[in-house]
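In: Coordinates for the following, if possible.
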Amino acid sequence: MSTREAKTGDWFYLLFLFVTFIPKMLWGGYVATRLWTWFLVPLGLPVISIPLALGLMTTLAFITGSSAIQTTLLDVPKKVAEEDQSNWDRYSKQLSGWLIPAIMLLEGWILTHWL
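Out: Purely as a prediction, here's the structure:
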């Protein structure tokens, strides 16, 4: 792969990150509100909105040091050798940002049927 093709791939990946960041963030907020409603509202806590869920998630990520921004956006500038990381590896990491909340939502839905 030439240097020009690599740069084009990097720019496409950055565009992909930029375009999917907000929808992925909202998806995570939606999943958090559903899980909150299913498991914490019955304990007497109030229902929360997506913005409040995102705020709680951001606060917890800051406290625990496990921010999604650290694992996605901060890794972008790092140059990795072509043999170490293919384009599929980069996109599959981003895809997991959609799949993991979906799996958690499914798991929560299944658990609500046991309560």
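In: Burial check on residue 97, number of neighbours?
Out: 17 (other C-beta atoms under 10 Å). All C-beta atoms are positioned from the backbone trio N, CA, C, and that covers glycine.
In: all numbers from here: first residue = 23
Out: All right, first residue 23 from here; so that's residue 119.
In: Would you mind naming the helix or strand containing it?
Out: Taking DSSP states H and E as the criterion, residue 119 maps to helix 109-134.
In: mind listing the helices for the protein?
Out: 25-61, 72-86, 90-94, 109-134 (DSSP state H).
In: Tell me how confident the model is about the last one, as a mean pLDDT.
Out: It refers to helix 109-134. The average pLDDT for helix 109-134 rounds to 85.
In: Can you list the helices and strands that it packs against?
Out: helix 25-61, helix 90-94 (3 or more C-beta pairs under 8 Å, 6 or more residues apart in numbering; DSSP states H and E).
In: Out of the ones you listed, which gets nearest to residue 134?
Out: helix 25-61 (4.9 Å; C-beta to C-beta).
In: Name the residues of that closest one that come out as buried.
Out: Neighbour-count burial for helix 25-61 flags 42-43, 46-47, 49-51, 53-59 (criterion: 16 or more other C-beta atoms under 10 Å).
In: now do stretch 112-129
Out: By 16+ other C-beta under 10 Å, the buried positions in stretch 112-129 come out as 112, 119, 123, 127.
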